[in-house]
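S.K.: build me a model:
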Amino acid sequence: MRISEIVWYFKQLAAQHKNIRSFAYMNEIRFMAMQPTEIDYPCLILFAPATMYDGTEGQAVKKYHWSFCLFKYTKIDDTDEQDFVIDETETIVEDLIVRIVNEGVIDTIDIKDFNSEIVKGYTHDNLYGWRVNFSFSIAMPDCINEEMWTSFDIVENPSAFVFENIAENGFEVTLSGEEGITYKVEIDEKTVKVKDGSFSFKVKTQDRLTAKVVATKVVDGVQYQSIAYISNKKYSGLSMPI
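M.R.: Below you'll find the model as predicted:
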């Protein structure tokens, strides 16, 4: 099942249960920023999932880790009402778990895939209820979808940076050119040279980053870049397609 299908399924569960007043799907950061009065309670909140990839017996699988909360708004410092809400929301949570397991919409899930915990004062002192975590796995494709790829030829990194004569007051960089590669040198955010082939340049260093060298190569219509950032006595490179 896709994520959108799970969200739609839980939205229907919330709409069809007699004691659930509203449904929301969001990440926890957004929920924590909301005011409790913006929601009708009891509320079923489904949080965005995390995924893990694994493989057993030659079959690749994707495992979804989901969680949802069932909250109700209570009075501050009314411990009797808070205890009642914990019991009330637990009953609703068990209704949901039993239906999910028995209905089979998520056909790879089992009762042992659920665990739950009491939540007291979640984000706001007045929210009490339960958090339920559950997970299930789906099979991954075992073959490359060749229709989604323009090529399977791996292009060599187009960069050819040689750093020489690095000293306190500057350094010299030699770029050993290759046919089809264009080099661009930026110093202090100003482009100072664009050239094909081999050439050298010198930079007077300061404590901060002073130079960026970009090598560009086009292969089968795809443009690749290697980028080197150079500072006093230090340099680093990153190659990536653009």
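
S.K.: got the contact list for Glu81?
M.R.: Contacts for Glu81 (C-beta atoms under 8 Å, 6 or more residues apart in numbering) come out as 74-75. All C-beta atoms are positioned from the backbone trio N, CA, C, and that covers glycine.

S.K.: please give the element, helix or strand, for it.
M.R.: For Glu81, the element it lies in under DSSP states H and E is helix 79-103.

S.K.: show me where this protein has helices.
M.R.: 3-16, 28-33, 79-103 (DSSP state H).

S.K.: domains of this structure?
M.R.: 3-139, 151-241 (automatic domain parsing).

S.K.: the ones you listed: lowest mean pLDDT?
M.R.: Lowest mean pLDDT within these: domain 151-241, a mean of 54.

S.K.: what would the helices of the chain look like in JSON lines with distance to Asn126?
M.R.: Formatted as JSON lines, the helices of the chain follow (distance: least, C-beta to C-beta, whole Å):
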{"stretch": "helix 3-16", "distance to Asn126": "20"}
{"stretch": "helix 28-33", "distance to Asn126": "14"}
{"stretch": "helix 79-103", "distance to Asn126": "9"}
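
S.K.: and those: which comes nearest Glu146?
M.R.: Comparing those by their distance to Glu146 (C-beta to C-beta), the top pick is helix 3-16, with 25.4 Å.

S.K.: how about the closest one: buried residues?
M.R.: The neighbour-count check on helix 3-16 (16 or more other C-beta atoms under 10 Å) flags 6, 9-10, 13-14 as buried.

S.K.: flag every buried residue along the helix holding Glu81.
M.R.: Neighbour count says helix 79-103 has 82, 85-86, 88-89, 92-93, 95-97, 100-101 buried, by 16+ other C-beta under 10 Å.
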